[in-house]
Each structure stands twice: as C-alpha cells, then as structure tokens.
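Colleague: fold the following for me, if possible:
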Amino acid sequence: MTKQYLKYGGVRFINYSSPEEIRNFVNSLPEEERDSLFNVVNLLESEGHIGLVEGDTTTIDQNMEEFLVPNSDEFH
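Modeller: Numbering: from 1, shown residues only. Model (predicted):
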C-alpha cells in the first residue's frame, strides 16, 4: 500500500473509507467545521474514516524535491 500524508501537516494516515465516502462526509460538515484542516482531520479520525499514524510525518512534498533550493546566507 502507498503511504499517504496530509499535504498540510505531514501526518501519515490510512484510509478506512473510500474517497467518495470521505468527500461526502466532509461536504456534509457545516462550513465553520470545514474551515480548519486540523478540525476536519480530527473529525475524520473520530468517525473512523481515517487512522493517523503516530510518529510518521513528513514536511517535504516528494513531487517538489527537484525544485528545492538550499538555504544560503545571501539574504541574512
């Protein structure tokens, strides 16, 4: 199975529901509950749609690695 990470936050998760079920659940939430990714993720987990994998996080988008530029002291 391919590892999946939340795009913003880098926490690995496992789907327990289909993408359609997750989309329908999120779309059924009131707008004020959808304003926060943190809130949506917690609701998805508490309702059993996803499971978060503690201790497995990433902060790099692998699709963007080739575009990363090393830090330099030029601007400091």
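Colleague: and the closest residue to residue 26 other than its chain neighbours, how far is that from residue 46?
Modeller: Distance criterion Cβ to Cβ, 6 or more residues apart in numbering; nearest residue to residue 26, sequence neighbours excluded, is residue 40 at 6.0 Å. (C-beta placed from N, C-alpha, C; glycine too.) Distance, residue 40 to residue 46, using Cβ to Cβ, to the nearest Å: 11 Å.
Colleague: between the two, which has more neighbouring residues?
Modeller: Each of residue 40 and residue 46 has its neighbours counted (other Cβ atoms under 10 Å); residue 40 has more, 17 against 9.
Colleague: following the chain past the host helix or strand of that one, name the next helix or strand.
Modeller: Per DSSP states H and E, residue 40 falls inside helix 37-46. Downstream of helix 37-46, the first helix or strand assigned by DSSP H and E is strand 50-57.
Colleague: okay, now the sheet partners of that next one, with direction.
Modeller: Strand 50-57 sits in its sheet next to strand 11-15 (antiparallel), going by DSSP bridges.
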